[in-house]
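3D model of this:
(chains A and B)
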2 protein chains.
Amino acid sequence: MLDPKDWEQFRALAHRALDDAIDYQRDVRDRPVWQPVPDEIQASLAQRMPLDPTPLGDVYDRFVREILPFSSGNISPRFFGWVQGTGTPTGALAELLAATMNPNVGGRNHVAIYVERAVIAWFRDLFGFPHDASGVLTVGTSAANLIAVVCARMRALGPNAREIGLQGSKKRLVGYASSSTHGCVRKAFEIAGLGAHALHILPVDARHRVDPEALSAAIARDRAAGLEPFLVVGNAGTVDVGAIDPLDALADIAQREHLWFHIDGAFGAPGVLAPTLRPMLKGLERADSLAFDFHKWIHVPYDAGCVIIRDGELHRAAFASDGPYITRMERGLASATPWFTDYGIDLSRGFRALKIWFTIQEHGAKRIGQAIETNVRQAAMLGDLIDRHERFELLAPVATNVVCFRYRKPGMNEAQLDTLNDALVIAVQESGRAVVSSTTVNSHRAIRVCIVNQRTTDDDVRETLAALDELASLS
Amino acid sequence: MLDPKDWEQFRALAHRALDDAIDYQRDVRDRPVWQPVPDEIQASLAQRMPLDPTPLGDVYDRFVREILPFSSGNISPRFFGWVQGTGTPTGALAELLAATMNPNVGGRNHVAIYVERAVIAWFRDLFGFPHDASGVLTVGTSAANLIAVVCARMRALGPNAREIGLQGSKKRLVGYASSSTHGCVRKAFEIAGLGAHALHILPVDARHRVDPEALSAAIARDRAAGLEPFLVVGNAGTVDVGAIDPLDALADIAQREHLWFHIDGAFGAPGVLAPTLRPMLKGLERADSLAFDFHKWIHVPYDAGCVIIRDGELHRAAFASDGPYITRMERGLASATPWFTDYGIDLSRGFRALKIWFTIQEHGAKRIGQAIETNVRQAAMLGDLIDRHERFELLAPVATNVVCFRYRKPGMNEAQLDTLNDALVIAVQESGRAVVSSTTVNSHRAIRVCIVNQRTTDDDVRETLAALDELASLS
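Predicted coordinates:
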């Protein structure tokens, strides 16, 4: 009833759209990295729900006119604004195929389940987790962190955790993470009902890495106060400067103190594929749980994250449900238990695994690692350029792939520099030449360049700095 | 670095894949609805992570051989197993385009934000919510229900809920839902730390609708026991039999008792577009929050759910975060606040809105309603066929689009009938002729036919019953 009346007419339009999509990706350098959505297009998009049909060709033409040109720019080689991957043409094609098959991958016995199991096993092995570790794909690391927090909470509250909740326990759970930790860890504490006050924030060193001694001290202090430490979160790539916590030291403390050790490796964890980063990630393989994204440094299209849990049985015990409508059977479509819904928040969920499968099959893991390594080298190069530049200064050492710096103008005070650098970030965005972002580092407003981009050349990095310099000199 | 070396070679392959995808959807009637994944393909898919590249053509050929034929069958006109939509060719094409643009729709100022705002506003208006209600797209109703529970919890705990959590409150919150409620509501209580014991289960009548008087009595009893009732969940389409709770009566009680009124309308809420269902959904417009899916009766490809929250300010207060790395700016790409991450679990999130936009633009809301109405008529027709059939019996009245029944064989006791009907469900799945599922209704094992299928003809319904009859007579 909602299928094409004329399949050949649909086919012709679809081939035209595919050509446009390929050209759009191939010619990404010919367009501004970003441009604002014009007011008249915002108004057009805000029209009321259409009650009557529109010929698909007209809908597509409107898409080409009003939507396609005004995206966020992260597919561009000069997008360094935030930690965002580019996607690939193959990834986009895989999304077409996944939506064509259109399975619900919450469970049951069909091929998408086996593909998701396979890609999770690949990364479970890559990260050095045991074979009985479990995992599930998520929208992203935010949800993956939440799942890990819920598992850690279950270990702390005991096997009847799901029934009694926090309301039925006298324990006062507290967890730990550094001040450089992404806000989604705090959000996970909030959603899980622990409350943000239960996440105790640890100081970082000059390289934005957590101080393990501060963790030991905090645990002792909190235990003395009658609280129950249950979880420590380490960072494999902090969002602000790309720092990697001393994971081995955190693992030691977690083991000694019987805490759940979770790692937020949203973008950094796949760094194990890059020779420069691999040694910095030592200890990753000792975590109780690890969250990371495929849509960042693995360049799978949005969205796809993952959580891996060492204790697969506990993971399942924390999320598996039954219900007459999801009866498991011995054979047929309702077999092949456990199901992915037994490991996460969602029952209905799409075929995220296919774009991962295509990406890793096409390129092999090594090439993904080379792309990561290239970005790390480019960040170091940019750091050097800034160090040697008379008008720019680094605001944090370049740990991995994030460069935080600012433009200095003689005679300007701190407040004026803050204003200038924020304006510069907007100016370069509006110029369409590059996208960088703003953050605060050691109380200074900073220009942040995150290099998570398989399309970036060394020239792109140099020309982005030149564009900033040029715009600053005009201001 | 991960882009095609030869764009024209990629283009040729992509066009071939597109043709295959279109044929796959067009010829869906020519294939078995479902077939098991052969052991040798399971073994092949379980191979270790490839380290080296494979030519994309070879990867695609393997996809065609090992993955494409073994999907779950819900795109077939004779799939009635669970409440799953079919998707459409247009929806699949939209996924290609969304992944080509590949924005992160967690926030910032780009067109995907405006498209998501538009489609949420369409459904906000359709459901009769006010203009200052808020919403966010999710993976599905499970996550949408969780977001609603977190909002309701915040209203109950007060403005510092996020900081103190349940651990910092002396209140003992309890919520209510009927025994026919989907398990994801219980899961939301578990994840949110309330605990399943805090979800008090209400009885249902013979039509599987919640008993409002039981709700009033439970509230009084719980208040007398020192508990704090805070939430009631109504169902707009129960998963088992498709029942719709008396929403107006629930709204009255929630209003009188100052409870948050949430509706799980996963598949049923879009029924407001269907003349037969619209009157049954009266009261929907009075809810504090409503969760529903686009990948069910709106036939958008997996995955896309939504939650709409009447009190948009509270919604934002429950989820908005700041962080230096997500600084909002006046202009440029970091403007256009509020962001969708301010309303939900995820920061990184894909462009789910595009497939919804394409689907509603192409068909118009009225045609979506006609497809729903057709399914309701087909369910009634099947109910009549079963009623008049000497060997089948209905196990629940047909409320909307779900038909629960069983085959009867003379001389069989209840246990034998349970075994027979479970076997029958597997047999028809394995025959490839249709997919139906199993559930338990009033302690009997039932065959469940959920008609959420824009491809189903009346003949498909009749022939599914005939296939079951034929297989039963052979058993």
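
what's the lowest-mean-pLDDT helix or strand in chain A in contact with?
Between all helices and strands in chain A, the lowest mean by mean pLDDT, DSSP states H and E belongs to strand A:437-441, at a mean of 92. Residues from elsewhere that reach strand A:437-441 (Cβ atoms under 8 Å, 6 or more residues apart in numbering or on different chains): A:80-82, A:240-241, A:395-396, A:404, A:421-422, A:425, A:445-448, A:450, B:324-325, B:327, B:329, B:333-334. In short, each C-beta sits where N, CA and C put it, glycine included.

tell me which of those residues fall in helices.
Using DSSP state H, the subset of those located in helices is A:N421, A:D422, A:V425.

which one (most neighbours) among those residues?
A:V425 (27 neighbours; other Cβ atoms under 10 Å in any protein chain shown).

give me the pLDDT for the residue lying closest to A:F129 once chain neighbours are set aside.
Nearest residue to A:F129 in three dimensions, chain neighbours excluded: A:I308, at 5.5 Å (Cβ to Cβ, 6 or more residues apart in numbering or on different chains). We have a pLDDT of 98 for A:I308.

which of the ones in helices among the contacts of strand A:437-441 come close to chain B?
Restricting these to those within reach of chain B (Cβ under 8 Å from any Cβ of the partner chain) leaves A:D422, A:V425.

switch the ones in helices among the contacts of strand A:437-441 over to TSV; also include pLDDT and distance to B:R172.
Below are the ones in helices among the contacts of strand A:437-441 laid out as TSV (pLDDT from 0 to 100; distance: Cβ to Cβ, whole Å):
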residue	pLDDT	distance to B:R172
A:N421	97	50
A:D422	96	47
A:V425	97	48
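
want to throw the ones in helices among the contacts of strand A:437-441 into CSV with distance to A:N375?
Converted to CSV, the ones in helices among the contacts of strand A:437-441 look like this (distance: Cβ to Cβ, whole Å):
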residue, distance to A:N375
A:N421, 23
A:D422, 25
A:V425, 20
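
quick check, nearest of the ones in helices among the contacts of strand A:437-441 to B:M1?
A:V425 (26.2 Å; Cβ to Cβ).

how many other residues sit next to A:R367?
By other Cβ under 10 Å, 18 other residues sit near A:R367.

now do the contacts for the closest residue to it other than its chain neighbours.
Excluding its sequence neighbours, the residue lying closest to A:R367 (Cβ to Cβ, 6+ apart) is B:P53, at 6.0 Å. Counting by Cβ under 8 Å, 6+ apart, B:P53 touches A:E362, A:H363, A:G364, A:R367.

roughly how far does A:L424 sit from A:A152?
Using Cβ to Cβ, to the nearest Å, A:L424 is found at 42 Å from A:A152.

these two: which is more packed in?
A:A152 (28 against 22).

with adjacent residues omitted, what lies nearest to that one?
A:W260 (3.7 Å).

just A:G165 next, same as before
Distance criterion Cβ to Cβ, 6+ apart; nearest residue to A:G165, sequence neighbours excluded, is B:G195 at 2.3 Å.

isn't the one you found up against A:R153?
No - contact criterion Cβ atoms under 8 Å: B:G195 and A:R153 do not qualify, at 11.1 Å.

shared neighbours, these two?
With Cβ under 8 Å, 6+ apart as the test, B:G195 and A:R153 both reach A:A161, A:L166.

ok, the two, which is more surrounded?
Neighbours around B:G195 and A:R153, counted as other Cβ under 10 Å, are more numerous at A:R153. The numbers are 29 against 25.

elements contacting the one helix or strand A:G135 maps to?
If you go by DSSP states H and E, A:G135 is part of strand A:134-138. Of the remaining helices and strands, those touching strand A:134-138 by 3 or more Cβ pairs under 8 Å, 6 or more residues apart in numbering or on different chains; DSSP states H and E are helix A:111-126, helix A:141-157, strand A:305-309, helix A:312-319.

from the contact counts, what lies against the third one?
For strand A:305-309, the contact count by 3+ Cβ pairs under 8 Å, 6+ apart identifies helix A:111-126, strand A:134-138, helix A:141-157, strand A:289-293 as packing neighbours.

so what's A:P36 up against?
So A:P36 contacts A:F70, A:E430, B:N109, B:R331 (Cβ under 8 Å, 6+ apart).

how about 10 Å then?
Going by Cβ atoms under 10 Å, 6 or more residues apart in numbering or on different chains, A:P36 touches A:Q42, A:F70, A:Q429, A:E430, B:N109, B:H110, B:V111, B:R331, B:G332, B:L333, B:S335, B:A336.

same check, this time on A:G175
Neighbouring residues of A:G175 by Cβ under 10 Å, 6+ apart: A:149, A:152-153, A:156, A:185, A:188-189, A:194, A:198-200, A:229-233, A:259-260, A:262.

in its sheet, what does the helix or strand hosting it sit against?
For A:G175, the element it lies in under DSSP H and E is strand A:173-178. Strand A:173-178 has its sheet partners listed here by DSSP bridges as strand A:199-202 (parallel), strand A:228-235 (parallel).

tell me which of those strands lies nearest to A:G140.
strand A:228-235 (15.8 Å).

now that closest one and helix A:141-157, what's the angle there?
Relative orientation of strand A:228-235 versus helix A:141-157 (axes from the mean of the first three to the mean of the last three Cα atoms, to 10 degrees): 150 degrees.

how about A:A144, what does it touch?
A:135-138, A:184, A:188, A:262, A:264-266, A:289-293, A:305-309, A:344, B:346.

mind doing that once more with 6 Å?
A:T138, A:A291, A:G305, A:V307 (Cβ atoms under 6 Å, 6 or more residues apart in numbering or on different chains).
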